[in-house]
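Enquirer: Provided below for reference: sequence and predicted model.
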Amino acid sequence: MSDPCGGVERRLHEYLDRELNDAEVEQVRRHLHDCPPCLDKFALQEHLKRLVKVNCQHSAPERLRNFVAALRRRH
Amino acid sequence: MTGASNAPAAPDFEGHLDALYRNALRLTRNPADAEDLVQDTYVRAYRYQQRFEPGTNAKAWLFTIMANLFRNRYRTRQSKIVEEPVDDPGNDFYIYERLREGGLPTHLRSPEDTVLGREISPEVVRALDDLPTPARMVVLLVDLEDFSYREVAQILGIKIGTVMSRLHRGRRALQRKLWRYAREAGLKADVS
């Protein structure tokens, strides 16, 4: 198989974001199991995605919450 | 089922308030504008709620309203319009390669010592806020809200291919910025 790493690298984002079908997921998973460098690259992307998620959590301020509740009651 | 009305249950718009707000906060980059944007979004959503098809994705519908409002009314408010960078070597694994090359001062050699190692880090927000708006919008919708590429395409009114290229660009830029912050922190530690 020519350049299995390249093929997987190109699809790492889609793999991470659950955009691949079952067969593709299995292909990528098998390669990551056998290829430490690709697994490292995947771990980096996964970590970056988690950093974004963890650091952007925020609750709406009370004032906004009340505003929306009042809107909902009026409709 | 005596007394039950035939009208469908009102859609739950309120349940998505926190999601809309945290997104608006990163879009507008200031809390006052974020509140205004979310308020305007809900006013519009309730005004046109009969256009919402029950059983479909309320979260995506609300985010579509907010994206349109942001584009039409709020983008011009931003004091700093962030342009697309000209230096994008297209490297998806920038940090991975820098780490392998040993590009950090010795006392910051492992990923755990850098911004990558700390989960809670203001540098991540800073790096996100510095992204060009088109890339930032896609990164937020995928990473923060777990929308599918197709949903993001619908929310923003763009093609799926465009979603993917903006997402990749955004993630690459985040890597470069976080790496630079880590180096700056290391250099500061060196001279202190």
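Expert: Everything's here; your move. Numbers count the residues shown, from 1 in each chain, chains lettered A, B, ... in the order given.

Enquirer: Would you point out which residue is most central in chain A?
Expert: Chain A has residue A:17 as the residue nearest its centroid, 4.0 Å off, counting by Cα atoms, centre = their mean.

Enquirer: which sections of chain B are below the confidence cut-off?
Expert: Along chain B, segments meeting pLDDT under 70 span B:1-9, B:75-90, B:96, B:98-119, B:187-192.

Enquirer: ok, back up a step: once you drop chain neighbours, what's closest to the residue nearest to the centre of chain A?
Expert: Using Cβ to Cβ, 6 or more residues apart in numbering or on different chains and skipping the chain neighbours, the partner closest in space to residue A:17 is residue B:142 (5.9 Å). C-betas here are computed from N, CA, C, even on glycine.

Enquirer: ok, now which ones touch the one you found?
Expert: By Cβ atoms under 8 Å, 6 or more residues apart in numbering or on different chains, the contact list for residue B:142 reads A:17, B:149, B:152, B:163, B:167.

Enquirer: Sketch out the low-pLDDT regions of chain A for me.
Expert: Along chain A, segments meeting pLDDT under 70 span A:1-2.

Enquirer: can you give me the helices in chain B?
Expert: B:17-28, B:31-47, B:58-69, B:94-101, B:122-129, B:133-139, B:149-156, B:160-191 (DSSP state H).

Enquirer: Now render those helices as a markdown table, adding distance to residue A:35 and mean neighbour count.
Expert: Formatted as a markdown table, those follow (distance: least, Cβ to Cβ, whole Å; neighbours: other Cβ atoms under 10 Å in any protein chain shown):
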| stretch | distance to residue A:35 | mean neighbour count |
| --- | --- | --- |
| helix B:17-28 | 34 | 22 |
| helix B:31-47 | 43 | 19 |
| helix B:58-69 | 36 | 20 |
| helix B:94-101 | 13 | 17 |
| helix B:122-129 | 28 | 18 |
| helix B:133-139 | 27 | 23 |
| helix B:149-156 | 25 | 20 |
| helix B:160-191 | 20 | 18 |
